[in-house]
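**Student:** structure of the sequence below:
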Amino acid sequence: MQLEGGLPAIGWRFILYCCAAGVAQIIATVLLLTLFGKRNFAVSTVLAKTEGVQIALLGVFVFAEPPSFTGLLGIIVGAAGVLLLFPWKRQNVSRHSVLYGLAAGFFFALTAWFIRSSYGAVEAGTLAGVILTLSAMISIQALLLLLYLCRRRADVAAVWRAVWRVRKRAASVGMLSLIGSFCWFWAFALTNPAYVKTLAQIELPLAFLLGRAVFAEKPTSLEIAGMTVAGCGSVIVALA
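**Tutor:** The predicted model follows:
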């Protein structure tokens with residue numbers, strides 16, 4: 001039901017989905033940062049990219065929104081390209097790192113589906129609905145993290161002072177993150193999240209081109225193959 005003025009009406013199902021999405025995203029981010037702390041950047045990044053396949057599986061078995069045959073083909077091709085980027089020859093890739101990476105991908109996949117489900121709870125395929133969902137989820141996350149800080153740290157004011165000292169850098173990062181989040185949320189409102197995440201893998205070949213142009217990086221032949229295959233998966237999903 002829509003309120004006068006075009007704003008979606010808020011019900012308990014909407015709040016529940018926003019809370020679930022916020023918690024799932026926090027868990028996924030913590031898992032990812034844990035892997036970064038273990039200096040497994042490549043492992044964590046690659047395994048977190050399996051969220052496209054995990055989103056598709058959740059859509060089939062849980063959320064009753066399976067992809068089309070062409071879309072599924074693109075998702076599988078994209079996942080194959082991502083797996084080609086996995087550092088298989090590294091000896092320090094532990095089982096825990098693999099499990100953490102896959103778990104991060106799983107919770108990111110849950111986040112995407114909870115966000116899409118929240119739109120159904122308010123019939124919000126409009127710009128106002130996307131903004132409302134994004135605002136609600138960010139507010140819930142901010143409240144949860146504030147409660148966590150108050151419980152785990154005695155001097156919360158010191159945390160805020162530390163944040164304030166880097167406010168200019170944080171503001172630019174936060175604004176870019178907000179714009180990116182808005183684009184993700186709007187895309188989830190328009191189509192199956194599995195398509196969105198697989199199409200987003202086009203960032204892999206773009207990152208290769210940027211790394212080569214700006215940082216003079218030279219990827220291996222296997223990395224080039226992986227990024228090419230992932231890009232092909234994105235193209236197939238776009239056609240779907």
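
**Student:** heading C-terminal from the helix of greatest length in the chain, find the next helix or strand.
**Tutor:** In the chain, assigned by DSSP state H, the helix with the most residues is helix 95-122. Next along the chain after helix 95-122, taking DSSP states H and E as the criterion, comes helix 127-152.

**Student:** next structured bit after that next one?
**Tutor:** helix 156-165.

**Student:** can I get the next helix or strand along the chain from that next one as PDB, trimmed to CA atoms?
**Tutor:** Next in sequence after helix 156-165, counting helices and strands by DSSP H and E, comes helix 167-190. Backbone C-alpha positions of helix 167-190 (Å, rounded to 0.1, in the frame of the first residue of the first chain) are rendered in PDB as follows:
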ATOM      1  CA  ARG A 167      36.400  13.100   8.600                       C
ATOM      2  CA  LYS A 168      37.500  14.500   5.300                       C
ATOM      3  CA  ARG A 169      38.800  11.200   4.000                       C
ATOM      4  CA  ALA A 170      35.900   9.300   5.500                       C
ATOM      5  CA  ALA A 171      33.400  11.700   3.900                       C
ATOM      6  CA  SER A 172      34.700  11.100   0.400                       C
ATOM      7  CA  VAL A 173      34.800   7.300   0.900                       C
ATOM      8  CA  GLY A 174      31.300   7.400   2.500                       C
ATOM      9  CA  MET A 175      29.800   9.400  -0.300                       C
ATOM     10  CA  LEU A 176      31.200   7.100  -3.000                       C
ATOM     11  CA  SER A 177      30.000   4.100  -0.900                       C
ATOM     12  CA  LEU A 178      26.500   5.600  -0.600                       C
ATOM     13  CA  ILE A 179      26.300   6.200  -4.400                       C
ATOM     14  CA  GLY A 180      27.400   2.600  -5.000                       C
ATOM     15  CA  SER A 181      24.900   1.200  -2.500                       C
ATOM     16  CA  PHE A 182      22.100   3.200  -4.100                       C
ATOM     17  CA  CYS A 183      23.000   1.700  -7.500                       C
ATOM     18  CA  TRP A 184      23.000  -1.800  -6.000                       C
ATOM     19  CA  PHE A 185      19.700  -1.300  -4.300                       C
ATOM     20  CA  TRP A 186      18.000   0.100  -7.400                       C
ATOM     21  CA  ALA A 187      19.400  -2.800  -9.500                       C
ATOM     22  CA  PHE A 188      18.000  -5.300  -6.900                       C
ATOM     23  CA  ALA A 189      14.600  -3.700  -7.300                       C
ATOM     24  CA  LEU A 190      14.700  -4.200 -11.000                       C
END
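
**Student:** which residue is nearest the middle of the chain?
**Tutor:** residue 108 (5.1 Å; CA atoms, centre = their mean).
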